[in-house]
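Colleague: give me a model of this one.
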Amino acid sequence: MMKHIDSFLNKTTMYKLVLYYCSFLIVVAFGLSIFHLVPFSPFALLFSTLFIVGISWLIHQIAAWAFSAPTNLESPYITALILVLLITPPATPTDRNYLWLAIWASVWAISSKFLFAIKKKHVFNPAAFGVAMTALTLNLAASWWVGTAVMLPFVIGTGWLIVRKIRRADLVWAFLGAATVATIIIAIINGHAIPTTLQFFFLNTPIFFFAFAMLTEPLTTSPTRNSRIAYGGLVGALFNPAISFGPIALTPELALLVGNVLSYALSPKQKLILKLNRIETVADQTFDFVFDTDQQAKFTAGQYCEWTLPHEKPDMRGNRRYFTLASSPTEKEVRMGVKYYPKPSSFKQELQTMKSGDVMIASQVSGDFVLPVDQSKKLVFIAGGIGVTPFRSMIKFMTDAGQKRDVVLMYSNKTEQEIAYRDVFAEAEKAYGLKTIYTLSDKAALSPEWKGKVGMIDEAMIRETIPDFTDRMFYLSGPHGMVVAFEALLYKIGVPRRHIKTDYFPGFA
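Modeller: Numbering: from 1, shown residues only. Purely as a prediction, here's the structure:
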């Protein structure tokens, strides 16, 4: 079962998954409404869905045209469906309070992506901003009807897939933990029974939908683990509706907006407009797309970002993908390394058609897969295939910055033709003594001149080539299955868990 789930997640982007999640909950609510298990009729829910989606799509088209901004395919629909789950459907289509709330929330939610952006990057969660502005300006509040006991099994039963996909359990647990502690403290202060209070809090508030579908939004979430935990903790501490500051009572949307401000403060975002300079062949079916930028890219060697390439008829993986920045922060140009396999995605197919001067967008720099601050630590980089891209970034950075770290690179491919960035690694060998160990797994394709290792990287190869492996920190990058297998191998041979760093980003998920 889990194998099939992981296969589905591998083929689906995070944005598509959230879109499916919200759509699924609306379909479930439609079924429940037939049996009068939710406080509205099937027709009312259908009307609300079509109305909010229509308004949101229209505003998105107008704003994108007015600001000459590239659009993301799923963006207006995700925001719209979240609003549908927050705003109770009307008793009648002429319900004025509903119409004002739905229209105003949709307008502010979509517009906020364009109006409240710093360096072309929106700061606030759109749906939260929309309902917050409607409450503040029209005194019409969203009910968050999705947060009811009857919806809870469906919210949790499928929502965890989002967390599994993007591996943000640390964020969600920090949020849930802080919210629980805050609720217990409030119960004690008010003299309420803690078990009863917690039961009501978890069964009758939108805490789980909020955590899965809104808190985890990549564009407004902190990009590194420590800042992410701080972000989740702050939002959780402010989430309880019993908390107020003077006349202002906190709501879930206000808690999230406060967290968005902290997230931006901890990790200022960039949105780069990239123009293709050239495409370099770096190995068999592996290419570097080299871009000129409208501003200096700010990132740390080893991090990844989200790349947006609008194109017609995108497949399930959409027009947004995650790739490691193969370039070093010391380089003016931005590089994205891409490996082509049979039946490439529509995104990769569109990449192949790009010509010099064509534009794409890079944003949301994230990741903790970076070099340790202590330059005396001895390192081992283990890469499989295109997983070598973060190591290209790190090794090039060390060369350009004059850092003389003790590093061993173990790089596995099927054939010699698939080895990428040999020139960069050779330069590092001369500059600071990088030790590079190439190994090939396809014995039938070996040439007589091959002088590297043969076979998969295993315990014997590690012990033979790196005698002091227990004193080193290991960095693992490649397909998820490969990374998991190497983690198990390193634990087996005595490498402490704290000495292992794994590269994860949603593109590998």
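
Colleague: which residues of the stretch 401-509 of the chain fall in helices?
Modeller: Using DSSP state H, counting those that start in this stretch, the helices of the stretch 401-509 of the chain run over residues 422-432, 459-465, 480-492.

Colleague: ditto for the stretch 101-250 of the chain
Modeller: Here the stretch 101-250 of the chain has its helices, by DSSP H, counting those that start in this stretch, at 126-138, 152-166, 169-190, 194-203, 207-209, 225-239.

Colleague: what's the closest of the ones you listed to residue 337?
Modeller: Among the helices of the stretch 101-250 of the chain, the nearest to residue 337 by CB to CB is helix 152-166 (21.7 Å). From N, CA and C alone the C-beta is placed, and that goes for glycine too.

Colleague: what helix or strand is residue 335 on?
Modeller: Residue 335 is part of strand 334-339 when elements are defined by DSSP states H and E.

Colleague: per-residue confidence averaged over that strand?
Modeller: Mean pLDDT, strand 334-339: 94.

Colleague: okay, it in CSV with CA atoms only?
Modeller: Extracted C-alpha coordinates of strand 334-339, given in CSV (Å, rounded to 0.1, in the frame of the first residue of the first chain):
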residue,chain,number,x,y,z
VAL,A,334,22.7,30.6,-12.3
ARG,A,335,22.9,26.9,-13.3
MET,A,336,20.3,24.2,-13.2
GLY,A,337,21.5,20.6,-13.8
VAL,A,338,18.9,18.3,-15.4
LYS,A,339,19.1,14.6,-16.2
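
Colleague: list the buried ones in whichever helix or strand comes after that strand?
Modeller: Later in the chain than strand 334-339, the nearest helix or strand by DSSP H and E is helix 346-352. For helix 346-352, the neighbour count (16 or more other CB atoms under 10 Å) marks 346, 347, 348, 350, 351 as buried.

Colleague: residue 364: which of these is nearest?
Modeller: Comparing the buried residues of helix 346-352 against residue 364 with CB to CB places residue 347 closest, at 15.9 Å.

Colleague: now that closest one. Nearest residue, chain neighbours left out?
Modeller: Excluding the flanking residues, the one nearest residue 347 by CB to CB, 6 or more residues apart in numbering is residue 321, at 5.1 Å.

Colleague: quick check: residue 263 touching residue 222?
Modeller: Yes. The pair residue 263 / residue 222 is scored as a contact, 4.6 Å apart, by CB atoms under 8 Å.

Colleague: between these two, who's got more neighbours?
Modeller: residue 263 (27 against 22; other CB atoms under 10 Å).

Colleague: doesn't the more buried one lie inside a strand?
Modeller: No. Using DSSP: H, G, I helix; E, B strand; the rest coil, the secondary structure at residue 263 is helix, not a strand.

Colleague: what's around residue 267, how many residues?
Modeller: Residues lying near residue 267 (other CB under 10 Å) number 17.

Colleague: contacts only, for it.
Modeller: By CB atoms under 8 Å, 6 or more residues apart in numbering, the contact set of residue 267 is 222, 223, 224, 227.

Colleague: most neighbours among these, which one is it?
Modeller: The residue in the contacts of residue 267 with the most neighbours, by other CB under 10 Å, is residue 222 (22 neighbours).

Colleague: give me the pLDDT for that one.
Modeller: 79.

Colleague: what sits against it?
Modeller: Applying CB under 8 Å, 6+ apart, we find residue 222 in contact with 228, 230, 231, 262, 263, 266, 267.

Colleague: what's the spacing between it and residue 131?
Modeller: Remark: distance between residue 222 and residue 131 (CB to CB, to the nearest Å) = 22 Å.

Colleague: same check on residue 390?
Modeller: From residue 390 across to residue 131, the span is 39 Å (CB to CB).

Colleague: neighbour count: those two, which is higher?
Modeller: The neighbour count for residue 390 versus residue 131, taken as other CB under 10 Å, is higher for residue 131 (28 against 25).

Colleague: okay, the residue nearest to residue 347: pLDDT?
Modeller: 85.

Colleague: how about whichever strand or helix holds it: buried residues?
Modeller: Here residue 321, judged by DSSP H and E, is contained in strand 320-324. Neighbour-count burial for strand 320-324 flags 320, 321, 322, 323, 324 (criterion: 16+ other CB under 10 Å).
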